[in-house]
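In: Turn this into a structure:
(one chain, ligands or ions: 1)
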Amino acid sequence: MRTRVKICGLTRLLDVEAAVAAGTDAIGLVFHPDSPRAVSIEQARGLCQHLPPFVTAVGLFVDADPEQVRETLRQVPLELLQFHGEESPEYCAAFGRRWIKALRMRPGIELEAARARYGAGAGLLLDTYRAGVAGGTGERFDWARIPPPLRAEIVLAGGLAPDNVAAAIAAVRPFGVDVSGGVEATRGVKNHAKISAFMTGVRDGDRCR
Ligand SMILES: O=C(O)c1ccccc1NCC(=O)[C@H](O)[C@H](O)COP(=O)(O)O
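Out: Next comes the predicted model:
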């Protein structure tokens, strides 16, 4: 199986085009107003407008007012929702859209229990925990903390970059990988050479699967 890729925190059309040209499976749009990568509904609509078929537009929310999510869905053609806060399974399921739950790897987190709790979703994304930061930390966590039975189904995030993604895939063999800071020039502005190098790293990792 090949590792699926989501490039997250896109804010510019030329970066979306570069990500698509490099072969990403999904693009992530951050609707959390506190993020330096936040996009408005209008911006997001423009970014999704010319997405080719089979590239998934993912909308990322953090403990958002449900009406904000509903309004975004009315205006932006998002195919998957990513909930990155403390949302309950009932909240995540309330929008009639496929969703994944991001879990930050705080000390003592029980991943098997979380997997059962969020079982109605399309999957789990595991990200680094840093107190006071909702996501996009640019830091990795100890991949050995992921129970082996879960590895094949999770999306691995947190501090991935062109120079470590092959090793991450070889070590974890996840369903997918998610990157933001590791392919950036500055916050919210992607570096196209880093995007290409990241995709090369993914293909290198896939040779070890
Ligand atoms: O990217 C953000 O600014 C962000 C803000 C609040 C919640 C989540 C956020 N990003 C979530 C992502 O999906 C990132 O891709 C993921 O956290 C990995 O980020 P990075 O470590 O920079 O690759």
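
In: Can you pull the phi/psi pair for the residue most central in space within the chain?
Out: By CA atoms, centre = their mean, the chain has its centre lying nearest to Asp178, at 4.6 Å. Main-chain torsions, Asp178, degrees, to the nearest 10: phi -130, psi 130.

In: Would you agree it is in contact with Arg4?
Out: No - in this structure Asp178 lies outside contact range of Arg4 using CB atoms under 8 Å: 9.3 Å. No exception for glycine: its C-beta is placed from N, CA and C like everyone else's.

In: what's the neighbour count on the residue lying closest to the residue nearest to the centre of the chain once chain neighbours are set aside?
Out: Spatial nearest neighbour of Asp178, chain neighbours left out: Ala157 (3.8 Å); criterion: CB to CB, 6 or more residues apart in numbering. Ala157 has 31 neighbours, counted by other CB atoms under 10 Å.

In: One more: the one 5 residues further on?
Out: Per other CB under 10 Å, the neighbour tally for Pro162 reads 21.

In: Could you do Leu80 as well?
Out: Residues lying near Leu80 (other CB under 10 Å) number 19.

In: thinking again about what came up before, show the contacting residues for the residue nearest to the centre of the chain.
Out: Counting by CB atoms under 8 Å, 6 or more residues apart in numbering, Asp178 touches Val5, Lys6, Ile7, Cys8, Gly28, Leu125, Asp127, Val155, Leu156, Ala157, Leu160.

In: Name the nearest of these relative to Ala64.
Out: Ala64 lies nearest to Gly28 out of the contacts of Asp178, by CB to CB, at 14.9 Å.

In: How about that closest one: what's its closest non-neighbour residue?
Out: Leaving aside its sequence neighbours, Gly28 sits nearest to Cys8 (CB to CB, 6+ apart; 3.1 Å).

In: cool, and Gly59?
Out: Counting by CB to CB, 6+ apart, Gly59 lies nearest to Leu78, which is 4.0 Å off, once chain neighbours are set aside.

In: And Lys101, by the same measure?
Out: In space, Lys101 comes closest to Tyr118 once its chain neighbours are excluded; the distance is 4.4 Å by CB to CB, 6+ apart.

In: what do you get for Lys6?
Out: Closest residue in space to Lys6, ignoring its immediate chain neighbours: Ala26 at 3.9 Å, by CB to CB, 6+ apart.

In: so how far is Val69 from that neighbour?
Out: Distance, Ala26 to Val69, using CB to CB, to the nearest Å: 18 Å.

In: try Ile146
Out: 28 Å.

In: now Lys190
Out: The gap separating Lys190 from Val69 is 25 Å, by CB to CB.

In: between those two, who's got more neighbours?
Out: Shown here are Lys190 and Val69; by other CB under 10 Å, Lys190 has more neighbours (25 against 22).

In: mind checking which helix or strand the closest residue to the more buried one other than its chain neighbours is in?
Out: Excluding the flanking residues, the one nearest Lys190 by CB to CB, 6+ apart is Asp15, at 4.0 Å. Element membership of Asp15, judged by DSSP states H and E, is helix 13-22.
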